[in-house]
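In: Got a sequence here, can you build the structure:
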Amino acid sequence: MFIRVYMQASTEVEATTYLQKLLNLGERVKLSLKKEKCEPFLDTFAVELEAKTASEKQVNELLESIAPKWNQLPNSFIATEKETELHIHHIEMIEVYPEF
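Out: Numbers count the residues shown, from 1 in each chain. All right, here's what the predicted structure looks like:
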């Protein structure tokens, strides 16, 4: 599973701090998320996460804990703060590629 998150942050340290809530949600569904990349993107920070294995149940539980509504694309799910109320503050957009 691959996740790309755009965080409202001005530094990498700030983005990593905000990211902790998402990592905690992963732990709650027994999904080990590893931060692969964190870099500035326009006026946000783009953070990339990976999980070695993820069951469909784990992915569904994670999605439900992040946002009540997701847009489904052919290979991913996407949620933005403008379209739905995200349960994690400081996230502008998140895209999840489940890969099961």
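
In: is it fair to say Glu61 lies in a helix?
Out: Yes. Under DSSP: H, G, I helix; E, B strand; the rest coil, Glu61 falls within a helix.

In: residues touching it, list them.
Out: Glu61 sits next to Val29 when contact means CB atoms under 8 Å, 6 or more residues apart in numbering. C-beta: built from backbone N, CA, C; applies to glycine.

In: separation between it and Glu27?
Out: Glu61 sits 12 Å away from Glu27, going by CB to CB, to the nearest Å.

In: Please apply the same query to Ala51.
Out: As defined by CB to CB, Ala51 lies at a distance of 11 Å from Glu27.

In: So which of those two has more stuff around it?
Out: Just comparing Ala51 and Glu27: by other CB atoms under 10 Å the higher neighbour count belongs to Ala51, 18 against 11.

In: correct me, but that one touches Ser32?
Out: Yes. With contact defined as CB atoms under 8 Å, Ala51 reaches Ser32; the gap is 6.0 Å.

In: Overlap of the contact sets of these two?
Out: By CB under 8 Å, 6+ apart, the residues touching both Ala51 and Ser32 are Gly26.
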